[in-house]
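Q: predicted model and sequence follow; I will ask about them next.
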Amino acid sequence: MTRFIVGRLLLVVPVLIGVSIIVFLLVQLAPGDVTSTLLGPMGSESAKEVLRVKMGLDKPLPIQYAKWLGQILQGDLGTSWVHKRPVTDIVLPKFATTALLAGTAALLAYLIGFLSGIFAAAKAYRAHDRVAMAFILILGSTPLYWLGLILVLLFSLTWRLLPATGMASFIGGGGVLDVLEHLILPAVTASLPSAAIIARMTRATMIETLSQNYIRVARAKGIRRGVILRKHALRNALPPIVTVSGMELGYLLGGVVFVEVVFAWPGLGFQLYNSIIGRDIPIVQGAVILIALAFVLINLFADVLNAYLDPRTRTAEGARES
């Protein structure tokens, strides 16, 4: 098991280096001049040139990347060009707010997707299964921003049951209940597409598991259907479900960008959107690297948990290495 974990940790390094290269190039090669954005339309060419030299933008891209990567390896994400503050002081609190939203959405997605998938598998190829899967397919194909706007229209503007934007009320807000009230709509919006994917994976895996010979033997012995599902089928069906669930949590950390913009949720996604508009490159790079690191670590944890649940994964890994 230790060898398996070390091997997975070693794979994290080239992945993060590759992500850093892609992020750096995409941001640097984006159209527009950052000095014009920072100085405004009245900035002179000489002032732009001075600012470009001050920020190191006059250096070749490989040198800029090497300097930026060196700072990252030392835990320094740079200084915001707009806010004149360290990027870590800005993105880390925002990341905690995003983690609250993504974590809540993930719990809802796991609950809805897992239960829906088991229900559909237990009623496989019947009317209940077809209706449930049709509904899941619609949810999985719905854009997050459109779904969020529909929920705001219904629950905030029409029925006035839940707040539409922000994390707390302007007057008398800030308590736990107030935050939870503001969390409901964005969490539900972010969770539904992931719940659809988890439900489809759970259904497919459970149907495949229920068709195995040992399940037929258990049925022949007269064991109740609920016991078969819970004790015999579920454990063997868990590894692929865990893998997909880990990937969905990683996707949620990046995918809630659209949700945070729709609901003005003050998280890393909303900050990333504003920084892209304002061409604050250090924050954009730092935010994307932080999201990528979280995504890789979450998938690493999912792989380790998957190997624990299914020892065949470790055996296959060891066979490939030998």
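A: Looks like it came in fine. Because the structure is a prediction, the values reported are computed rather than measured.

Q: rest of the way, CA atoms for contacts and neighbours
A: Will do.

Q: quick one: pLDDT of L153?
A: pLDDT for L153: 95.

Q: ditto for K48
A: For K48, the predicted pLDDT is 87.

Q: for it, which residues are in contact?
A: T35, S36, L39 (Cα atoms under 8 Å, 6 or more residues apart in numbering).

Q: one more pass at 10 Å, please.
A: Residues near K48 by Cα atoms under 10 Å, 6 or more residues apart in numbering: D33, V34, T35, S36, L38, L39, G40, K54.

Q: can you check R200 too?
A: 113-114, 116-118, 120-121, 132-133, 136-137, 140, 206, 241.

Q: next, give me the two most distant ones among these.
A: G140 and M206 (19.5 Å; Cα to Cα).

Q: between these two, which is the more surrounded one?
A: M206 (26 against 19; other Cα atoms under 10 Å).

Q: for T209, grab the count of nearby residues.
A: 20.

Q: off-centre distance for the host helix or strand of it?
A: In this structure, T209 sits in helix 176-210 according to DSSP states H and E. Computed by Cα atoms, centre = their mean, to the nearest Å, the chain-centroid distance of helix 176-210 equals 13 Å.

Q: please renumber so the chain begins at 18
A: That works, and once the first residue is 18, the last one we named lands at helix 193-227.

Q: quick check: next helix or strand after it?
A: Per DSSP H and E, the helix or strand that comes after helix 193-227 is helix 230-237.

Q: mind listing what's buried in that following helix?
A: Across helix 230-237, burial judged by 16 or more other Cα atoms under 10 Å covers I232.

Q: now for that helix, which elements pack on it?
A: In terms of contacts (3 or more Cα pairs under 10 Å, 6 or more residues apart in numbering; DSSP states H and E), helix 230-237 is packed against helix 242-244.

Q: give the rounded mean pLDDT of the helix it packs on.
A: 80.

Q: tell me the helix or strand right after that helix.
A: Taking DSSP H and E, what comes next after helix 242-244 is helix 251-280.

Q: out of the contacts of K65, which are inside helices?
A: V51, T52, S53, L55, L56, K71 (DSSP state H).

Q: my guess is the first one contacts S292. True?
A: I take that to be V51. No. Look at V51 against S292 with Cα atoms under 10 Å: they stay out of range, at 11.5 Å.

Q: touching both of those two, which residues are there?
A: Common neighbours of V51 and S292 (Cα under 10 Å, 6+ apart) are W98, I298.

Q: that older thread, pLDDT added to the contacts of R217, as a markdown table?
A: Below are the contacts of R217 laid out as a markdown table (pLDDT from 0 to 100):
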| residue | pLDDT |
| --- | --- |
| G130 | 93 |
| F131 | 92 |
| S133 | 90 |
| G134 | 91 |
| I135 | 89 |
| A137 | 90 |
| A138 | 88 |
| A149 | 86 |
| M150 | 86 |
| I153 | 85 |
| L154 | 83 |
| G157 | 80 |
| M223 | 91 |
| I258 | 85 |
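
Q: closest to Q88 out of these?
A: Q88 lies nearest to I258 out of the contacts of R217, by Cα to Cα, at 37.6 Å.

Q: what helix or strand does A185 sit in?
A: Using DSSP H and E, no helix or strand contains A185.

Q: for it, give its distance to A123.
A: 21 Å (Cα to Cα, to the nearest Å).

Q: which of those two has more residues huddled nearby?
A: A123 (28 against 20).

Q: the more buried one contacts S262, correct?
A: Yes. Taking contacts as Cα under 10 Å, A123 lies within contact range of S262: 8.3 Å.

Q: so which bits of the helix holding T226 are buried?
A: Buried, per 16+ other Cα under 10 Å, within helix 193-227: 198-224, 226-227.

Q: repeat that for stretch 147-165.
A: Neighbour-count burial for stretch 147-165 [16+ other Cα under 10 Å]: A149, M150, I153, L154, L156, G157, L161, Y162, L164, G165.

Q: now the two most distant members of the residues you listed.
A: The most distant members of the buried residues of stretch 147-165, if one measures by Cα to Cα, are A149 and Y162, lying 23.1 Å apart.

Q: number of nearby residues for L117?
A: With other Cα under 10 Å as criterion, L117 counts 16.

Q: quick one: it from V196, how far?
A: With Cα to Cα as the criterion, L117 and V196 are 10 Å apart.

Q: state the pLDDT value of L310.
A: pLDDT, read off for L310, is 89.

Q: what helix or strand is it on?
A: Residue-wise, L310 maps onto helix 298-326 under DSSP H and E.
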